[in-house]
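> what's the 3D shape of this:
(one chain, ligands or ions: 2)
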Amino acid sequence: AHEIKNPLGGLRGAAQLLQQELESKELKEYTRIIIHEADRLRTLVDRMMGPTQPLNQEPVNIHEVFQRVRKLLLAESPVGLTILPDYDPSLPDFVGDKEQIIQAVLNIARNAVQAMDGKGRIILRSRITRQFTIGHKRYRLVLKAEIEDNGPGIAPEMLDAIFYPLVTGRPEGTGLGLAIAQDVINKHGGLVEAKSQPGQTVFTIYLPLENGDD
Ligand SMILES: Nc1ncnc2c1ncn2[C@@H]1O[C@H](COP(=O)(O)OP(=O)(O)OP(=O)(O)O)[C@@H](O)[C@H]1O
Ligand SMILES: [Mg+2]
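Ligands and ions are numbered 1, 2, ... in the order given. A predicted model of the protein is given here:
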């Protein structure tokens with residue numbers, strides 16, 4: 001990040017000095033733009049780098065995560081949005097960073113709300129899966145958390161790219177939400193994937209519930 005942030009700081013500083021020397025209002029508008037855009041890039045780099053704190057390692061209940069996400073989204077879209085729980089109540093806790101997992105699930109679910117323009121149905125589902133491989137590790141027990149919506153879906157040509165940074169289908173989007181979500185889930189030893197067709201989009205998060213075998 002320093003490779004980008006240091007030159008950016010230099011650019012911003014120079015533009016500021018130039019601004020002080022300039023008399024003309026029209027020319028000052030250009031330096032204002034340089035400073036503003038430098039600030040925007042800095043924020044973007046910060047978001048792309050993700051959280052720098054080490055992962056918390058505490059028992060996390062996926063249903064508490066879902067409930068928090070549900071509350072936040074319903075507060076943002078109070079009319080026309082339905083969020084239904086479909087939980088396996090016998091699911092054990094996993095070990096991880098609750099706040100970061102909330103952020104990851106929120107990024108995924110908020111996309112669904114945005115794709116449906118705040119009106120539609122989301123299902124938050126939890127299940128247990130046995131004998132599942134993530135990377136090169138085989139796990140006996142894996143938590144499967146799904147976020148399903150009945151919105152317009154993701155175009156097939158876009159689906160392969162949505163987890164890459166800066167890939168967006170929205171005019172105001174930065175294309176970082178899913179990249180950040182995937183990063184958080186990977187750091188927990190997990191996996192996230194997406195399936196989509198018009199009227200049904202499902203994001204599935206797999207999180208190990210125990211240490212795996214190589
Ligand atoms: N449930 C969904 N239904 C339809 N399209 C989706 C869905 N989830 C993701 N997408 C598409 O994937 C793109 C990438 O999502 P991502 O969260 O990474 O970026 P963003 O939402 O565009 O911007 P940001 O999250 O940084 O504000 C979205 O712009 C949207 O086009
Ligand atoms: Mg997003």
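> residue ranges of the strands in this protein, please?
Remark: strands assigned in the chain by DSSP state E are 58-60, 81-86, 94-96, 120-134, 137-149, 191-197, 200-208.
> K28: neighbouring residues, count only.
A total of 15 residues lie near K28 under the criterion other C-beta atoms under 10 Å. From N, CA and C alone the C-beta is placed, and that goes for glycine too.
> so who does it touch?
19, 22 (C-beta atoms under 8 Å, 6 or more residues apart in numbering).
> again with S196
153-154, 159, 202.
> Might you name the residue of this structure sitting closest to ligand 2?
Residue nearest to ligand 2 within the chain (C-beta to the ion): G177, separated by 2.8 Å.
> how many other residues sit next to the closest residue to that residue other than its chain neighbours?
Setting aside the residues directly before and after it, G177 is nearest to N107 in space (C-beta to C-beta, 6 or more residues apart in numbering), at 3.9 Å. Per other C-beta under 10 Å, the neighbour tally for N107 reads 20.
> what's the pLDDT at N107?
Among the per-residue scores, N107 holds a pLDDT of 97.
> That one and Q182 touch, don't they?
No: if you go by C-beta atoms under 8 Å, N107 and Q182 don't touch, sitting 9.3 Å apart.
> tell me which parts of the chain are close to ligand 2?
111, 177 (C-beta under 5 Å from the ion).
> Okay, now the unreliable bits of this protein?
51 (pLDDT under 70).
> Try it again at 90.
Confidence mapping of the chain against pLDDT under 90 gives the ranges 1-5, 43-55, 210-214.
> Up against ligand 1, what does it have?
107, 111-112, 115, 149, 151, 153-154, 162, 167-170, 173-179, 201 (C-beta under 6 Å from any ligand atom).
> if I look at N61, how far off is L207?
12 Å (C-beta to C-beta, to the nearest Å).
> neighbour-wise, which of those two wins?
A count of neighbours by other C-beta under 10 Å puts L207 above the other of N61 and L207, at 22 against 14.
> tell me the contacts of the more buried one?
Contacts of L207 by C-beta under 8 Å, 6+ apart are 62, 94, 96, 142-143, 145, 185, 188-190.
> hmm, 6 Å instead?
Taking C-beta atoms under 6 Å, 6 or more residues apart in numbering, we find L207 in contact with 94, 143, 188, 190.
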